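S.K.: compute the structure for the input listed below.
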Amino acid sequence: TRRRGCVNLTLRPISSFGATVNRNATEPIQPGQSIPILPLAFVAGLTYFLMLLFIWGPFAMTSGMGWETYYTVNSETASLWRNFLYTPDPMRIHAGNFYELAYVLGGWVGARGSFVPYQILYATLWWARSFLGFLLIRRLIPKSAVLPFITGAIMLVHAPDFLIGWLGQLHQFGYFLWLLIALNLLVGALECTILRAAIFVAAGWLFQYLCLWTYEAPLPIILVAPVAFAFVLKRKLDRSRASILAFWYVPSVIYLYLSYQRYVHMGGSGYQLGLMRKSFAVADILSDWIFNVRYSLSFWSWQKVAGDMEPAQVFALGAGTLVVFAAAAFLVGRHPDKRWEGVRDGRLWRLLCVGFVFLLLSFPVQLLLAGARELRRTQLLSAIAAAIVLGCLVYLIAGWIPPKALRPGAAFLLVAPIIWFGACRVIERQASHRAQWNYHLTAMSDLVRGIGRLKDGTVVVMTNIPRDRDPFYAYAFWFNNALRLAYPR
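M.R.: Numbering: from 1, shown residues only. Presented below is the predicted three-dimensional model:
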């Protein structure tokens, strides 16, 4: 303060962790409070990457894809740009985008035909799902560091589905990327000026298109997202913004119309119709729906699978994942936005409700399938919503602890079992995929060494295949594809 030429200065202590800086005049920093040297987004992104090295890294160079190899065969035989499009199904025209990208990347680095580029691209999309999930929650709950961080971590290790970590589902992680980018743009459209909102919604069209024309499962989430996020943020939409947000539905309406034209007037794909459930009784569908929602959240009940890794190795890798999370939690716990008083319980409860609605809407498309309870592909999409639900529950429970200083630590302790169970199950599932790949690799290596070169038109028959270890998954189509990859024309 200044009085008659005199200046009184108030000195504040500087923390050893970072410099004391007042970045917002409306929320002055308290004495002793510090701003971390490392930005929260950097800490979260680095943490997810290091956790991924423990749960994915051991398999990156040693596991491949023995089935669902249609895209790889197509990459070997068709022209470059055509390979990016899945022409047999116009409504899933972008299902092959990332398979072809992985193949092209392999060619650029001199490893054409190797599955290592596929592994790297899969891991990149896996990481991106968690990081974009972190950014989404950070936008919805901007005053919390803990909730976005733990939500992204749970998303990374969410493992009820047996096919997590398998390259044959690369396209699924591709549409997760497009979906989360579109949802982040939608939240931005609710918070910015009218002009920017229009730009964000228009940009969202592109990512909705890439998402829906890869796989139809996220359509219910896309349809309710504008209302859901407006509810979380408690935004009262004026006429201009409501009109702009109405244009969000353009890709969805087009997709629904084209799907109607195809399935009603032209008939659907024979393969897809063959996967449909036989009973559409309401009780049966509700039973499958409840089962999938419950199983997605019940991390302690996620089934174990046998693989080619010893339990001690699984334990060590799971422990490493948990140590990385704990170390990062220490940094996040020192972030100034860890404080609970800046986050209103009302918004948390609204986010919890929206997360549960998204979880319910993660399954309607899967419920049309005969294998709705098989836990193969059916649980992959639910990781996003399940992480939001579990993260909010942990955050709300930790918020009941009276000493506010203990709440971040309590939240991390509550999340630790989820990280542990999830990491171990992810590792076990990938060990199982690698064991199956080794059966396939051994069989094809023996075959190629045994018969050598072949003339065009030669018929190859393999006999004495064990039923319990069929390297071609009891489907002659995958045997044919394996031969085409071994003997390209």
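S.K.: least confident secondary structure element in the chain?
M.R.: Ranked by mean pLDDT, DSSP states H and E, the helix or strand of the chain with the weakest confidence is strand 6-7, at a mean of 39.
S.K.: mind listing what's buried along the following helix or strand past that strand?
M.R.: Later in the chain than strand 6-7, the nearest helix or strand by DSSP states H and E is helix 40-55. Buried positions in helix 40-55, judged by neighbour count with 16 or more other Cβ atoms under 10 Å: 40, 43-45, 47-55. Placement of C-beta: from N, CA and C, glycine included.
S.K.: name the helices or strands packed onto helix 40-55?
M.R.: With contacts defined as 3 or more Cβ pairs under 8 Å, 6 or more residues apart in numbering; DSSP states H and E, the packing partners of helix 40-55 are helix 116-140, helix 146-157, helix 311-333, helix 407-451.
S.K.: quick one: closest of those to Val201.
M.R.: helix 116-140 (15.7 Å; Cβ to Cβ).
S.K.: which strands and helices sit next to the closest one?
M.R.: Using 3+ Cβ pairs under 8 Å, 6+ apart, helix 116-140 sits against helix 40-55, helix 97-108, helix 146-157, helix 170-191, helix 219-233, helix 345-360, helix 382-398.
S.K.: rerun that using 6 Å as the cut-off
M.R.: Helices and strands touching helix 116-140, by 3 or more Cβ pairs under 6 Å, 6 or more residues apart in numbering; DSSP states H and E, are helix 40-55, helix 97-108, helix 146-157, helix 170-191.
S.K.: mean pLDDT lowest where, among the ones you listed?
M.R.: Here the lowest mean pLDDT among those goes to helix 97-108, at a mean of 91.
S.K.: distance check, the closest residue to Phe131 other than its chain neighbours against Phe421.
M.R.: Of all residues not flanking Phe131 in the chain, Gly45 sits nearest, at 5.3 Å (Cβ to Cβ, 6 or more residues apart in numbering). Distance, Gly45 to Phe421, using Cβ to Cβ, to the nearest Å: 23 Å.
S.K.: what does His171 give?
M.R.: Taking Cβ to Cβ, one finds His171 at 27 Å from Phe421.
S.K.: of those two, which one has the most company?
M.R.: His171 (21 against 18; other Cβ atoms under 10 Å).
S.K.: ok, that one - contacts?
M.R.: Counting by Cβ atoms under 6 Å, 6 or more residues apart in numbering, His171 makes contact with Ala95, Thr214.
S.K.: please repeat the previous calculation with a cut-off of 7 Å.
M.R.: His171 sits next to Ala95, Phe98, Tyr99, Thr214, Tyr215 when contact means Cβ atoms under 7 Å, 6 or more residues apart in numbering.
S.K.: same deal with Ser63?
M.R.: Taking Cβ under 7 Å, 6+ apart, one finds Gln430, His433, Arg434, Trp437 in contact with Ser63.
S.K.: same question, Gly165
M.R.: With Cβ under 7 Å, 6+ apart, Gly165 has these contacts: Trp56, Val426, Arg429, Gln430, His433.
S.K.: and those, which are buried?
M.R.: In the contacts of Gly165, burial by neighbour count holds for Trp56, Val426, Arg429, Gln430, His433, counting by 16+ other Cβ under 10 Å.
S.K.: now flag whichever of those residues is closest to Ala383.
M.R.: Val426 (11.0 Å).
S.K.: I figured that closest one was touching Val157, is that so?
M.R.: Yes - between Val426 and Val157 there is a contact at 5.7 Å, judged by Cβ atoms under 7 Å.
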